[in-house]
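Chemist: Here is my input, please return the structure:
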Amino acid sequence: MTPAALPAPVAALADAVRTALDGGPAVFGLPRLRDAAPPDGTALVVRTSGSTGTPREVALTAAALRASATATHDRLGGPGRWVLTLPPTHVAGLQVVVRSVLAADAGVPAPLAAAEPGGRFTPDGFADLLEPALADGVPVHASLVPTQLHRLVAAADEGSPRGLAALARCADVLLGGAATPAPLLARARAAGVRVVRTYGMSETAGGCVYDGVPLRGVQVRLAAGDVVEIAGPTLAAGYVGDDAATAAAFRADPAGPDLAGPDAATRWFRTSDLGALGPDGTLTVLGRADDVVVTGGVNVAPAAVEAVLAEVLPGVLGGAAAEPCVVGVPDDEWGSAVVAVVATGTLDAAGAVGAPATTPPLRPVDPRTLGRVRAAVADRLGGPSAPRRVYLVDALPLRGPGKVDRSGVAAAVREHESR
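Modeler: Model (predicted):
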């Protein structure tokens, strides 16, 4: 058994990416937002998710893409066959294609396996794609978002283990796009899945920090306010047609006394994320700076609350899988109230990877359940972090692969509470 032939759109995309990496015309992941031409040397133009405002087009050079893919292969022990399960319109999916091109150059046979674009991700469909790719002994790498991993684990727990079993046979599974709940990560690893958590964004050519450790050539530091900044060969050239945004996000340190001039200065990308560096330099991402909720004068990090909720909610909700999103909503007494919206049904009711564009109706938990949730969070993080309200919902809206649309969730809460 050998990997199935690539669907025609994916084969055409792979050819276009190869041409772009070799100096040909740039590939555009999505229809253009601006008429401006990308900078010289651009091989790929990808769109940001817009989670911090208006989406932007990011110009990635062939050198940045090659540096990212090569460093990934180095970290994973060498090139292998890649499985495309993410939309080839965003950086994560496109990077799978880039890595497969470099794998082909390294002699990997049939370096890319992919289903027809736009199809719904299902555990059995994933197994149908992955099993032939695993059959000839070539190391196989997969790249998923937590929603997809959740679906595979949930199917296995419900008696349909094919997808998870196939995933456990992969050499490595890159998991990124959003924070992964600790119980989901533990369940996957217990099943034998070799998960590698990745952190990065369009501006860094995708994941550039694996399990908290930067890829070769990548540097990470914390700026004022513990904001994460990244430097290295994987950085984008900038934003297409937006010089002001480029200048604000990409900045070079002044050349120091041992440096030979401005060309020797280090260029850093300022993310919107908060982080912490361990004694060994390992990065822990604490969530977005603009997601912090100020309630009663106390700063509450939603990611920390979500981590506790993901751990305790299955017990509180009778074993149901849970994906929490914590937001702040205006409150006369507290300034902002911490509110949790928890998806307990299918996390992807209407999308290939994700969820509906709007949040389904919210259902408040009963007072006893709310009390248990608040007590659990307060015990771990302190009283201010305990959600004032908890709502259940069938699915959370997504913005880009695997990224919860927090602004959409907050708007749904405000609308519900204004009735």
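Chemist: Output the below-cut-off pLDDT ranges for the chain.
Modeler: Judged by pLDDT under 70, the chain has its weakly predicted residues at 1-2, 50-53, 255-264, 319-321, 345-360, 400-402.
Chemist: go again using 80 as the cut-off
Modeler: Along the chain, segments meeting pLDDT under 80 span 1-4, 49-54, 178-179, 254-265, 318-322, 344-360, 399-403.
Chemist: Kindly report the domain assignment for it.
Modeler: The chain breaks down into these domains under automatic domain parsing: 8-210, 292-417.
Chemist: Who are the contact partners of residue 112?
Modeler: Going by CB atoms under 8 Å, 6 or more residues apart in numbering, residue 112 touches 6, 10, 14, 81-84, 96-97, 100, 103. Where you see a C-beta, it was placed from the backbone N, CA and C, and this is true even at glycine.
Chemist: which residues pair with it across the strands?
Modeler: Counting by DSSP bridges, residue 112 is bridged to residue 82.
Chemist: same thing with residue 288?
Modeler: residue 273.
Chemist: again, but for the one 10 residues further on
Modeler: Beta-bridge pairing of residue 298, defined through DSSP bridges, involves residue 295.
Chemist: ok, it touching residue 384?
Modeler: Yes. Residue 298 lies in contact with residue 384 (CB atoms under 8 Å); the separation is 4.1 Å.
Chemist: who's more crowded, these two?
Modeler: Higher neighbour count among residue 298 and residue 384: residue 384, with 17 against 14, using other CB atoms under 10 Å.
Chemist: Surely the more buried one is within a helix?
Modeler: Yes. Assessed by DSSP: H, G, I helix; E, B strand; the rest coil, residue 384 belongs to a helix.
Chemist: For residue 374, see how far away it is.
Modeler: To residue 374, residue 384 is 11 Å away according to CB to CB, to the nearest Å.
Chemist: got it, and residue 16?
Modeler: Counting by CB to CB - residue 16 and residue 374 are separated by 52 Å.
Chemist: and the helix or strand hosting residue 59, what other elements does it pack with?
Modeler: Using DSSP states H and E, residue 59 maps to strand 57-61. Applying 3 or more CB pairs under 8 Å, 6 or more residues apart in numbering; DSSP states H and E, we find strand 57-61 packed against strand 42-47, strand 238-239.
Chemist: still on that earlier bit, just send the domains of the chain back as a markdown table, with distance to residue 216 too.
Modeler: Output for the domains of the chain, formatted as a markdown table (distance: least, CB to CB, whole Å):
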| stretch | distance to residue 216 |
| --- | --- |
| domain 8-210 | 5 |
| domain 292-417 | 25 |
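Chemist: Name the residue closest to the centre of this protein, please.
Modeler: Central residue of the chain (CA atoms, centre = their mean): residue 177, 0.5 Å from the mean position.
Chemist: Assign a three-state SS to that one, would you?
Modeler: Under the three-state scheme (three-state DSSP), residue 177 adopts coil.
Chemist: What of residue 251?
Modeler: Residue 251 - assigned by three-state DSSP - is strand.
Chemist: Spit out the contact partners of it.
Modeler: So residue 251 contacts 267-268, 270 (CB under 8 Å, 6+ apart).
Chemist: if we go to 7 Å?
Modeler: Applying CB atoms under 7 Å, 6 or more residues apart in numbering, we find residue 251 in contact with 268, 270.
Chemist: In this structure the residue nearest to the centre of the chain contacts residue 92, no?
Modeler: Yes. The criterion here is CB atoms under 7 Å, and residue 177 meets it with residue 92 at 6.1 Å.
Chemist: In the stretch 301-419 of the chain, mark out all the helices, start to finish.
Modeler: Using DSSP state H, counting those that start in this stretch, the helices of the stretch 301-419 of the chain run over residues 302-316, 367-381, 406-417.
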